[in-house]
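Colleague: coordinates only, sequence not included:
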């Protein structure tokens, strides 16, 4: 069984998807709601797969002070999101745990190393919450790849990764430096591990990313293919579409 850790920030305006309001038609609060919808689909993908879901959140003392209000409670906010997505039976097997470490590489390394070395799980993976097209079937496919390769990575635009799975540990020092797809691969090879890759998918960080996502959701829906339900519903609620404006594909809203 693969433990899939969805690494999440508490959904607060300006903290999550900070580039989106300036590069798309969305407001800060709408960007936060989109983040929640995408995270909800990540939870579903992991919880409904053959793996085990671990929701790994950043605590308030590891967040920029401007995003920590006086009444902040990161754990309560994240648990509330989990409870709004999963039913009581599904939540019984879900763990909500704090991330440890000041840098991304340290946080991921601590989580993966603890699962592999302390808990003795077969494989451990980190899934980013802003890659909503990574569905349950894809989680299971990644788990199958991890039976053959000690490290499996899911590439996204600009050298990012949306998924990083391990059946053996690596040295995570600098592994998430830009570009993480190259650095994670280098650390895996340094440890003597084979590396396999998943199909590239969209991580939503900017308006261009959102435009690509909206277009693909429309195509999948028209073709009667699987779509992430929470993200799709919120995109429809916002009235987003990709239309030709001046000969260019443009993200618009009704």
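Modeller: Structure's in. What do you need? All values derive from a computational prediction rather than experimental measurement.
Colleague: can you give me the helices for the stretch 1-150 of the chain?
Modeller: For the stretch 1-150 of the chain, applying DSSP state H, counting those that start in this stretch gives helices covering 20-23, 28-47, 74-85, 88-91, 104-113, 136-146.
Colleague: Columns distance to residue 205 and mean neighbour count on top of the ones you listed, output as JSON lines?
Modeller: Backbone N, C-alpha and C define where each C-beta goes, glycine included. Output for the helices of the stretch 1-150 of the chain, formatted as JSON lines (distance: least, C-beta to C-beta, whole Å; neighbours: other C-beta atoms under 10 Å):
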{"stretch": "helix 20-23", "distance to residue 205": "7", "mean neighbour count": "17"}
{"stretch": "helix 28-47", "distance to residue 205": "10", "mean neighbour count": "23"}
{"stretch": "helix 74-85", "distance to residue 205": "20", "mean neighbour count": "17"}
{"stretch": "helix 88-91", "distance to residue 205": "28", "mean neighbour count": "11"}
{"stretch": "helix 104-113", "distance to residue 205": "14", "mean neighbour count": "20"}
{"stretch": "helix 136-146", "distance to residue 205": "20", "mean neighbour count": "19"}
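Colleague: of all those, which lies closest to residue 186?
Modeller: helix 104-113 (12.6 Å; C-beta to C-beta).
Colleague: picking that back up, mean pLDDT for the helices of the stretch 1-150 of the chain: which is lowest?
Modeller: Ranked by mean pLDDT, those bottom out at helix 88-91, with a mean of 88.
Colleague: how close does the closest residue to residue 12 other than its chain neighbours get to residue 60?
Modeller: Leaving aside its sequence neighbours, residue 12 sits nearest to residue 67 (C-beta to C-beta, 6 or more residues apart in numbering; 5.5 Å). Separation of residue 67 from residue 60 (C-beta to C-beta, to the nearest Å): 9 Å.
Colleague: Repeat that for residue 188.
Modeller: Applying C-beta to C-beta, the value for residue 188 to residue 60 is 33 Å.
Colleague: out of the two, which sits in the busier spot?
Modeller: residue 188 (23 against 16; other C-beta atoms under 10 Å).
Colleague: Could you report the neighbour count for residue 172?
Modeller: 24.
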